[in-house]
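In: Requesting a structural model of the entry that follows:
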Amino acid sequence: MAKKVIIVGGVAGGASAAARARRLCEESEIIVFEKDRFISFANCGLPYHIGGKIQDRNALLVQTPESMRARFNLDIRTETEVIAIHPDIKKVKVRDLQTGHEYQESYTHLILSPGASPIVPAIPGANHARVFALRNIPDMDRIIHCIEQQLPKRVAVIGGGYIGLEVAEAMIDRGLETHLIELSNQVMGSIDPEMATPLHLELRKQGVELHLKTSLTGIEEITEGLSLQLNDNRKLAVDMVVMAIGVKPNVALAKQAGLAIGAKGGIVVDAKMQTSNPSIYAVGDAIEVKNFVSQDPAIIPLAGPANRQGRIAADQIFDRDSRYKDSLGTGICKVFDLDAAATGLNEKQLVQTGRTYEKIYVHPGDHAGYYPGATRVSLKLLFDPENGTILGAQAVGQKGVDKRIDILAMAIRGGTTVFDLEEQELCYAPPYGSAKDVINQAGFVASNVVRGDQHICHAERVRTCSQNMQLIDVRNPEEIGELGTIEDAWNIPVGHLRHKLDLLPKDKDIVVFCEVGLRGYVAYRMLKNAGFNCKNLSGGYYTYSLFQGILK
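Out: Take a look at the predicted model:
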């Protein structure tokens with residue numbers, strides 16, 4: 001039976017829904033309304049065109065209205081806004097933004113893909129002509145026009161999330177003095193603070209002036225450009241500002257139509273992408289989904305989930321029983337020469353949910369150390385201490401981060417445990433990995449903890465690990481001279497430890513550590529077998545350095 005499907009909004013969710021709907025039914029009428037001139041573009045690529053890494057602007061256009069019409073026989077109406085929904089009579093009210101003409105269009109099924117809008121703080125001066133946000137191609141064009149025509153020298157990026165980090169890199173690539181202002185104590189809130197330490201160092205190394213625990217309270221035009229008032233009473237002079245605080249779901253239409261809005265502020269949908277009205281579906285950045293691990297409501301504005309949701313909505317309309325299986329929030333961000341990625345729940349979220357968890361850190365090379373070019377991958381694994389269920393993971397490094405987090409995302413969705421990570425048979429050749437991959441090593445360490453073969457102490461609590469404790473640094477003296485150590489630690493290299501057991505205090509708990517935890521584990525087992533009460537510092541002195549912000 002032919003249907004009439006109206007889709008409000010394009011880009012990832014709406015365009016995917018339209019294409020899928022046509023593939024499933026040639027006879028149905030499919031109309032796409034889009035306020036913008038662009039129906040399907042790579043919004044994740046916008047910062048890279050600003051910075052010049054993507055030179056061809058047209059490369060960002062996934063599909064043009066003309067190409068989608070030709071390929072899928074769709075009725076695409078750009079620069080046209082749906083201004084009201086009348087669910088009782090199954091009609092939408094539409095305004096042509098070029099002419100102002102308003103009319104109504106009926107539907108049998110409606111898919112909402114209105115996306116999200118950048119958050120702009122309600123502060124004086126936020127609407128200044130040199131204050132920008134970056135959400136679409138016109139936004140990108142305005143930023144580039146300002147850079148090329150007004151020749152600014154100094155820019156402030158407000159917000160240290162994915163977009164803020166990418167825009168900051170783009171501005172450095174453009175040769176601008178760049179200030180990144182972030183209210184939190186870290187950038188990239190999807191990872192935990194200690195894992196963000198390398199990103200802070202990288203940003204500063206590349207020339208970004210990083211202002212953490214800082215907020216923007218006002219913007220004032222001055223002769224030299226703009227004066228930014230910061231919450232610590234400082235003033236910062238810049239020539240332009242890019243707001244990258246985050247986004248909020250566009251739910252005005254859904255509210256007007258009487259659709260249910262969730263606790264997180266997004267449109268409520270079920271696994272079929274169906275709203276509280278059975279004829280209306282919603283997809284993309286405007287909806288609330290469930291976090292796969294916690295099953296709590298979540299807003300996850302990512303292109304991959306939006307594409308899948310659009311496909312599922314079309315499937316449901318055309319009688320295919322597809323279901324959305326919740327979101328992990330898997331994401332990655334390039335920060336100059338580093339990559340940072342995460343999947344599942346981070347430690348901050350686990351603390352908020354009250355769920356019992358354990359964590360370990362490993363810092364091996366991305367490939368075999370004897371093959372040239374190996375670089376460190378720092379991986380944090382969060383898991384259930386009773387059964388080893390994987391709850392989340394984060395990784396930072398120059399190479400191989402995406403591979404490891406992708407594997408762990410699949411592992412979480414597949415219900416595997418840390419014990420399964422020990423057994424994973426992954427690609428190995430010296431240029432690509434090690435015989436014991438990063439994933440395997442994380443599995444070995446976490447499995448030892450769950451089995452009780454290793455008791456660990458965490459870096460942020462190393463001073464309170466025991467009331468009666470002695471720290472033992474089992475690295476070689478030259479390493480300590482170069483990198484430092486933890487105050488009051490004795491230095492006994494692991495190769496000498498067996499012959500100096502009689503020097504260790506039997507009446508104290510021993511906490512051993514090395515650079516990344518491996519030699520510490522060897523020392524731990526040696527002492528444990530000799531009858532000492534001991535723990536190993538998870539991730540070693542390197543993890544301690546992450547928490548202290550003293551990486552060298």
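In: And Glu220, how far from Leu236?
Out: 11 Å (CB to CB, to the nearest Å). The C-beta positions use only the backbone N, C-alpha and C, and glycine is treated the same way.
In: who's more crowded, those two?
Out: Leu236 (18 against 12; other CB atoms under 10 Å).
In: which residues touch the helix or strand hosting the more buried one?
Out: Assigned by DSSP states H and E, Leu236 belongs to strand 235-238. Contact with strand 235-238 is made by 152, 154-156, 179, 222, 224-230, as judged by CB atoms under 8 Å, 6 or more residues apart in numbering.
In: pLDDT check: weakest of those residues?
Out: Lowest pLDDT among those: Glu224, with 83.
In: Give me the neighbour count for that residue.
Out: Every residue meeting other CB under 10 Å relative to Glu224 is counted, giving 11.
In: before we move on, back to that, report the mean per-residue pLDDT for the strand holding Leu236.
Out: For strand 235-238, the per-residue pLDDT averages 96.
In: in its sheet, what does that strand sit against?
Out: strand 225-230 (antiparallel) (DSSP bridges).
In: For the strand holding Leu236, list every residue counted as buried.
Out: By neighbour count with 16 or more other CB atoms under 10 Å, strand 235-238 contains the buried residues Leu236, Val238.
In: May I have stretch 1-21 as CSV, with CA atoms only?
Out: Extracted C-alpha coordinates of stretch 1-21, given in CSV (Å, rounded to 0.1, in the frame of the first residue of the first chain):
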residue,chain,number,x,y,z
MET,A,1,0.0,0.0,0.0
ALA,A,2,1.4,3.4,-1.0
LYS,A,3,2.0,5.8,1.8
LYS,A,4,2.7,9.5,2.1
VAL,A,5,5.8,10.1,4.2
ILE,A,6,6.9,13.6,5.3
ILE,A,7,10.3,14.0,6.7
VAL,A,8,11.2,17.1,8.6
GLY,A,9,15.0,17.8,8.3
GLY,A,10,17.7,16.2,6.3
VAL,A,11,21.4,15.6,7.1
ALA,A,12,22.2,12.2,8.7
GLY,A,13,18.8,11.0,10.1
GLY,A,14,16.4,12.6,7.7
ALA,A,15,18.3,11.9,4.5
SER,A,16,18.9,8.3,5.6
ALA,A,17,15.2,7.8,6.3
ALA,A,18,14.3,9.2,2.9
ALA,A,19,16.7,7.1,1.0
ARG,A,20,15.7,3.9,2.9
ALA,A,21,12.0,4.7,2.4
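In: Check the average confidence over that stretch, would you?
Out: On average, stretch 1-21 scores 92.
In: Just the buried residues out of the contacts of strand 235-238, in PyMOL syntax.
Out: The buried subset of these, as determined by 16+ other CB under 10 Å, is captured in PyMOL by this line:
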select buried, resi 152+154+155+156+179+225+226+227+228+229+230
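In: out of the contacts of strand 235-238, who's nearest Val241?
Out: Within the contacts of strand 235-238, distances to Val241 taken as CB to CB reach their minimum at Ala156, with 5.0 Å.
In: Assumed the closest one was part of a strand.
Out: Yes: the assignment for Ala156 is a strand, going by DSSP: H, G, I helix; E, B strand; the rest coil.
In: Isn't it up against Met243?
Out: No: counting by CB atoms under 8 Å, Ala156 does not reach Met243; the two are 9.5 Å apart.
In: For stretch 276-288, measure first residue to last.
Out: Using CA to CA, to the nearest Å, one end of stretch 276-288 lies 13 Å from the other.
In: Buried residues in it, which are they?
Out: Ser276, Asn277, Ile280, Tyr281, Ala282, Val283, Gly284, Asp285, Ala286, Ile287, Glu288.
In: shouldn't the third one be in contact with His86?
Out: Read that as Ile280. No: using CB under 8 Å, Ile280 is not in contact with His86, being 11.3 Å away.
In: Identify the contacts common to the two.
Out: Residues touching both Ile280 and His86 comprise Ala257, with contact defined as CB under 8 Å, 6+ apart.
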